[in-house]
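Asker: With the sequence up front, the predicted model follows.
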Amino acid sequence: MSSVFQTHAWQGSWWETYGDTEGFTLTQEWDGKTSGLYEARYTLKGLPVRSIQFVGTAHRTISTPRTEYNCFTGPEESPESVFRAVSNALKSKSWTEAALCDVKVESPDYRALQKLAAQEGWVWRSLSSDCSYSVDTRGEFSHYLASLGSNSRLKLFNRRKILESLGRITVVDAESAERDRFLEKLDEFHRARWGRPCFGGEKGMKFQKAFLERLPDERGKPMLSVMSWEGEPISVLYNVLHNGRIYNIQGGFKPDFHKKLALGTLHLGYCIEQAFTDEQVQCFDMLAGTGKNENYKSRIANQHEQVESVMLVRSLPFKLLYRVKG
């Protein structure tokens, strides 16, 4: 299935927020199952660049929230139809380079890009690689816990005893009327931990609010989880449900609450346990990236998937430039 990042809610809200950036032109619209494409014009070392990119991503231009699992085609298409769609999308346009971020390495789209680049003589550059982490929630939560290492199980679940001994702990999803307050608290925690605003600031928050407002129109559901101690929020997890998959978009927690407790990991434990009990949920997706101090996702995930950002170079001057640059 396509991910939440290909919905009209995500793609449309992103383009509505960032599409007026100077040099951006939409070249292929999204359809709710595939990623849209746009052209970004800018200069590099004095040379004009026409860069084809997925809607939701912005290589070398502006900073925006991350859009993952980008794709040219919908689910369950044949390799032939995938190659045809990728070929039509790229060969029909004039461009210097195509910067295509966070494509699943094991996807037909990725293989089609490799085949097309070789066929057309385009230079293939790997910009970055990453791993997304998730938990298959179709079994028993107790079996999942037993599969974890002792230290991971301690941080995710066993130390609940310490937390719950400190006072009344509640874990609830914020109502739609409390959405702005939830995002404000998320931003507060994010600034305290990272020293910068969440989602890049005001524009990023505008995008997230528009996305959350539109998501239910595509049978998605915001799940803005708040963990509170004695009524005071101490951790928030920005989750959304779409097509049986919960996506953990962002999170934040009160720093220095207790020296023995990893609040964010404990909160994840509550949400993952809830996902195991919900029949409409098959997976809890923590997406790509790692924590500030350790890769906690790799310790609690039972599934992972490689994603890669690649660049295809069509222009001869830029082929020569990158050959020198490496």
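Answerer: Cool, the structure landed. In this text the structure is predicted, and so the values were computed from the model without any measurement.
Asker: Count residues in the vicinity of Asn293, would you?
Answerer: By the criterion of other Cβ atoms under 10 Å, Asn293 has 7 neighbours. Where you see a C-beta, it was placed from the backbone N, CA and C, and this is true even at glycine.
Asker: how close does it sit to Thr265?
Answerer: 11 Å (Cβ to Cβ, to the nearest Å).
Asker: swap in Glu106?
Answerer: With Cβ to Cβ as the criterion, Glu106 and Thr265 are 28 Å apart.
Asker: Of these two, which one has the most company?
Answerer: Taking neighbours as other Cβ under 10 Å, Glu106 and Thr265 compare with Thr265 leading, 22 against 9.
Asker: Confirm the more buried one sits in a strand?
Answerer: No. Counting by DSSP: H, G, I helix; E, B strand; the rest coil, Thr265 is not part of a strand but helix.
Asker: Can you pull the phi/psi pair for the nearest residue to it once chain neighbours are set aside?
Answerer: Spatially, and ignoring its direct neighbours in sequence, Thr265 is nearest to Lys155 (4.6 Å; Cβ to Cβ, 6 or more residues apart in numbering). Reported as degrees, to the nearest 10, the phi and psi values for Lys155 are phi -70, psi -30.
Asker: hang on, isn't Lys155 packed against Leu263?
Answerer: No. Applying Cβ atoms under 8 Å as the test, Lys155 and Leu263 come out as separate, 10.2 Å apart.
Asker: show me where the chain has helices.
Answerer: Assigned by DSSP state H, the helices in the chain fall at 8-18, 79-91, 108-120, 141-147, 150-153, 160-165, 179-194, 202-214, 263-277, 296-300, 316-325.
Asker: correct me, but Arg66 touches Asp130?
Answerer: No. Contact criterion Cβ under 8 Å: Arg66 and Asp130 do not qualify, at 9.7 Å.
Asker: so who does Leu237 touch?
Answerer: Leu237 makes contacts with 224-225, 227, 248, 250-251, 264, 267-268, 271, as judged by Cβ atoms under 8 Å, 6 or more residues apart in numbering.
Asker: Okay, it and Ile272: tell me how far apart.
Answerer: 10 Å.
Asker: just to revisit the earlier point, next one: the residue nearest to Thr265 relative to Ser228, how far apart?
Answerer: In terms of Cβ to Cβ, Lys155 sits 20 Å off from Ser228.
Asker: Which of those two has more residues huddled nearby?
Answerer: Neighbour tally, Lys155 and Ser228, criterion other Cβ under 10 Å: the higher count belongs to Lys155, 21 against 16.
Asker: which sections of the stretch 201-326 of the chain are below the confidence cut-off?
Answerer: Low-confidence segments of the stretch 201-326 of the chain (pLDDT under 70): 325-326.
Asker: Tell me, how many residues neighbour Arg153?
Answerer: 18.
Asker: Identify the residue spatially nearest to it, adjacent ones excluded.
Answerer: Counting by Cβ to Cβ, 6+ apart, Arg153 lies nearest to Leu145, which is 5.7 Å off, once chain neighbours are set aside.
Asker: Based on its surroundings, how many neighbours for the one you found?
Answerer: Taking other Cβ under 10 Å as the criterion, the count of residues near Leu145 is 18.
Asker: And for the one 3 residues further on?
Answerer: By the other Cβ under 10 Å criterion, the neighbourhood of Leu148 contains 17 residues.
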